[in-house]
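Asker: Build me a model:
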Amino acid sequence: MKWQDAKWIHPALLALALSLAAWFPDRIEAAEADRENTEVSAVGESLAAIVEARDFEAFIARVDAEGFADAAYGGLTFASDRVAHRFRERVRERVEVLAPYSLARVGAGNVPIRLVRAHRTPEGAQIILRMTTLDPQGLLQNFEYFVIALDADDQVIDWGFEKDYQSAAEWERVEAAASEQSGSAMATLFGVARPVSDEEMRILRTYRDALLSQQGDVAFATLGMLPEDFRATRFWALQRLRAANLINDPAMYRESQAHLAKYFGDDPSLGMLLAGHFLSIGQPRASSDAIQGFAEGFVDDAVSRSMLCTQLAGQARYAEATPHCKRAVELEATTPYFWTVLIGVATEARDAELALFGLDGLHRYQGEQLDVAAVRQRPDLYWLADAPEFEAWLKGKASETP
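Answerer: Okay, here's the model as predicted:
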């Protein structure tokens, strides 16, 4: 008999061989993914250091001018090859203007910058940095995400703020389209790929001029004059929100948020933008759902998880809240604020085990010995001293004492 004859192979050996055949490719694929994640994370950390230092020259050196030009001008039809060449020739000059403007804003006030996501995309990679401001009491005051797009060689090809309404390349596209008096080119920003009429070109130019001059009321009204296919796009909805923000009219802003939520509310990247809107109209569950979508589909970081935890706790959904508070301190254990939030939620829920976990963690990462007597005296934790878990915890502490 030939060795290939199944009768000569013990069933257990055959099963082992088949499982190994499936296991090795999976392990190889997993190892490759780990290697790629490590590499892109290292790129992200290096960019975070550059941004935190506001090193304009170093950031500009990381920008691939051709890649940025493709992002800004790709698909545009210019009046002639000479004009197209002129735009591409000046792209380095434009990068040298746009990059310092963005970095100055990111690093304003020497705010710490943290890499919160680095992952591969079909085009290359996406890096997301977060700047976080805490007040003197250590409470979260402000946060913002800075998103950087990389090409396959890990060179920067675009960047922008998550709270803004367009990236650097999109802004440059507006400039190029407007300077060429090309409504067709500007229409591509809205995702409308068709020739536009002279009247539509006039509207688009008016909108662009109003945006440049910070005339929110004109921009808002002009956007409303665009035809239905423009008004059905995500870009139109975001630009309308931007214009309403410039006007500083709460009613217009809420109405613009409502439109964005209705038609594009399932976009995870808009979760933070829409969470406040849902709260303002008395829909706390929709607000927490939006933040959860953001955390699971866009940025899984301590800020998003901690916010989700407090939102769920505010709805008395403590069992659902707890894992998110724990995830926050797992991600950023050295920031006392996130431990404080966890302890606060534990207090609301009267969850002694969670509160003690938080107290241990807070003091461990602050490098301090936990003062048991002080715990008993804290007015917000008076309830904890009567919990059976507290006595067990005290015994454990006593056994740790040398």
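Asker: As PDB, could you dump the C-alpha coordinates of stretch 302-319?
Answerer: Extracted in PDB, the C-alpha atoms of stretch 302-319 (Å, rounded to 0.1, in the frame of the first residue of the first chain):
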ATOM      1  CA  ALA A 302      -9.600  55.900  28.500                       C
ATOM      2  CA  VAL A 303     -11.500  59.100  27.800                       C
ATOM      3  CA  SER A 304     -14.200  57.400  25.600                       C
ATOM      4  CA  ARG A 305     -14.500  54.400  28.000                       C
ATOM      5  CA  SER A 306     -14.600  56.600  31.100                       C
ATOM      6  CA  MET A 307     -17.300  58.900  29.500                       C
ATOM      7  CA  LEU A 308     -19.300  55.800  28.500                       C
ATOM      8  CA  CYS A 309     -19.000  54.500  32.100                       C
ATOM      9  CA  THR A 310     -20.300  57.700  33.600                       C
ATOM     10  CA  GLN A 311     -23.100  58.000  31.100                       C
ATOM     11  CA  LEU A 312     -24.300  54.400  31.800                       C
ATOM     12  CA  ALA A 313     -24.000  55.000  35.600                       C
ATOM     13  CA  GLY A 314     -26.100  58.100  35.200                       C
ATOM     14  CA  GLN A 315     -28.800  55.900  33.800                       C
ATOM     15  CA  ALA A 316     -28.400  53.500  36.700                       C
ATOM     16  CA  ARG A 317     -27.000  50.800  34.400                       C
ATOM     17  CA  TYR A 318     -24.200  50.000  36.800                       C
ATOM     18  CA  ALA A 319     -23.500  46.400  35.600                       C
END
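Asker: Just give the number of residues close to residue 90.
Answerer: 13 (other Cβ atoms under 10 Å). In this view, the C-beta of every residue, glycine as well, is placed from N, C-alpha and C.
Asker: Which stretches in the chain count as strands?
Answerer: Counting by DSSP state E, one finds strands in the chain at the ranges 113-120, 125-134, 140-150, 156-161.
Asker: outside of stretch 238-257, which residues touch it?
Answerer: 164-166, 207, 210-211, 214-217, 219-220, 223-224, 237, 259-260, 273-274, 277, 280-281 (Cβ atoms under 8 Å, 6 or more residues apart in numbering).
Asker: Give me the buried entries from these.
Answerer: Neighbour counting by 16 or more other Cβ atoms under 10 Å classes 164-166, 207, 210-211, 215-216, 219-220, 223, 237, 260, 273-274, 277 among those as buried.
Asker: Is it possible to get a markdown table of the strands of the chain that adds mean pLDDT and mean neighbour count?
Answerer: Formatted as a markdown table, these follow (pLDDT from 0 to 100; neighbours: other Cβ atoms under 10 Å):
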| stretch | mean pLDDT | mean neighbour count |
| --- | --- | --- |
| strand 113-120 | 95 | 19 |
| strand 125-134 | 91 | 20 |
| strand 140-150 | 91 | 20 |
| strand 156-161 | 95 | 22 |
